[in-house]
Each structure stands twice: as C-alpha cells, then as structure tokens.
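*Asks:* fold the following for me, if possible:
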Amino acid sequence: MDFISCLDDCGLVDAGYSGNTFTWTNGRKRGNMICKRLDRVLYNEEWNDNMGDSMVKHMARTGSDHNLIIFNCKEVTNNFNSWIEEVQGNAMWILQKKLKKLSKVLTHWSKEVIGNVFEKVKQYEQLILELEHKMDSDDSEKNRQDLNRVNAEYIR
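*Replies:* Numbers count the residues shown, from 1 in each chain. As a prediction, the model looks like this:
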C-alpha cells in the first residue's frame, strides 16, 4: 500500500508489460519458490502524452534471478533533430560536425529542462534531511507521505 501511495503521490503509473508475470525468483524448488514482480517501468502523464506507444516486455531469466526487461518507445520527432542537417565532407568530418551540433542542442535542453543538477541535488538533500527530522518528532501519515514524495522526486 505504501508503494501504491507513493506512486499516486508522485503521479506515476505502471507501464504494464507483456511476457512472464514475474520478474524475480529466489530459484528454490517447488514449495519453497518465491516469485515476484519486482522490476517495473513507471511513467508520468507528460511521458504518456509524448511517448504513449511505449511497450515493456519481460524476457527470459538467464544468468540472473531477475528477468531481462526490454523497453521500447515510439520514435519521437521534435525541433531538436540536428542529426538530419546536411553536412558536406568525409565521414569523420560529418560525424564530428553532427556531434558538435547535437552537443549544443543537448546542453541547451539540459539547462532549460533540468537546470543546475548539482544545486537541485543539494536542495533535495536539505529538504529530505528536514523532513526526516520532522518524521523523527512526529511519525504522522502526512509527514511520511511528504518524505516519500520528496524522496521519489529526488530519485527521479
């Protein structure tokens, strides 16, 4: 219930899947075997609006106690497609020019969308510390939800 509550607080939805129901097993024999769906792909409303045709497939469990998960999303077209720009020259020159252009676009996108990552990390860590202290003095449902929400935002 805490996990579901956290997903709801953060506006996240399970993407669903195709394939095997479970993504993990303890590998024990029948009667002592435990199988669970531990591994998931989660998304928010904005992701769904932009990448609605995403697919999750649970593959075979080989060499691990976890199943491999394949995540495919639809092709996105946007205004940042610097790769299709025509560049003249040999193959290495073309690659270098396209990577340079892409680097500028990604740097701009990062600053606009994400901002100063290092400063945001410090802010989240300070807020989490404050909420942990608040929880220590008052273990209320609201304080627990606030801490879970901020932790989820920090991880995201």
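
*Asks:* measure residue 28 to residue 35 for me?
*Replies:* 10 Å (Cβ to Cβ, to the nearest Å). Heads up, the C-betas are built off the backbone N, CA and C, glycines and all.

*Asks:* those two: which is more packed in?
*Replies:* residue 35 (13 against 9; other Cβ atoms under 10 Å).

*Asks:* return the distance of the helix or strand containing residue 135 from the chain's centre.
*Replies:* If you go by DSSP states H and E, residue 135 is part of helix 117-137. Counting by Cα atoms, centre = their mean, to the nearest Å, helix 117-137 is centred 21 Å from the centre of its parent chain.

*Asks:* quick one: buried residues of it?
*Replies:* 127, 131, 134 (16 or more other Cβ atoms under 10 Å).

*Asks:* residues making contact with the helix or strand bottoming out on mean pLDDT in the chain?
*Replies:* For the chain, counting by mean pLDDT, DSSP states H and E, helix 45-51 ranks last in confidence among helices and strands (a mean of 80). Contacts to helix 45-51, defined as Cβ atoms under 8 Å, 6 or more residues apart in numbering, come from residues 11, 13, 43, 54, 73, 74, 76.

*Asks:* got JSON lines for these, with neighbour count, pLDDT and distance to residue 118 too?
*Replies:* Converted to JSON lines, those look like this (neighbours: other Cβ atoms under 10 Å; pLDDT from 0 to 100; distance: Cβ to Cβ, whole Å):
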{"residue": "11", "neighbour count": "13", "pLDDT": "90", "distance to residue 118": "25"}
{"residue": "13", "neighbour count": "15", "pLDDT": "88", "distance to residue 118": "30"}
{"residue": "43", "neighbour count": "19", "pLDDT": "88", "distance to residue 118": "26"}
{"residue": "54", "neighbour count": "16", "pLDDT": "79", "distance to residue 118": "30"}
{"residue": "73", "neighbour count": "16", "pLDDT": "79", "distance to residue 118": "28"}
{"residue": "74", "neighbour count": "11", "pLDDT": "70", "distance to residue 118": "33"}
{"residue": "76", "neighbour count": "9", "pLDDT": "58", "distance to residue 118": "28"}
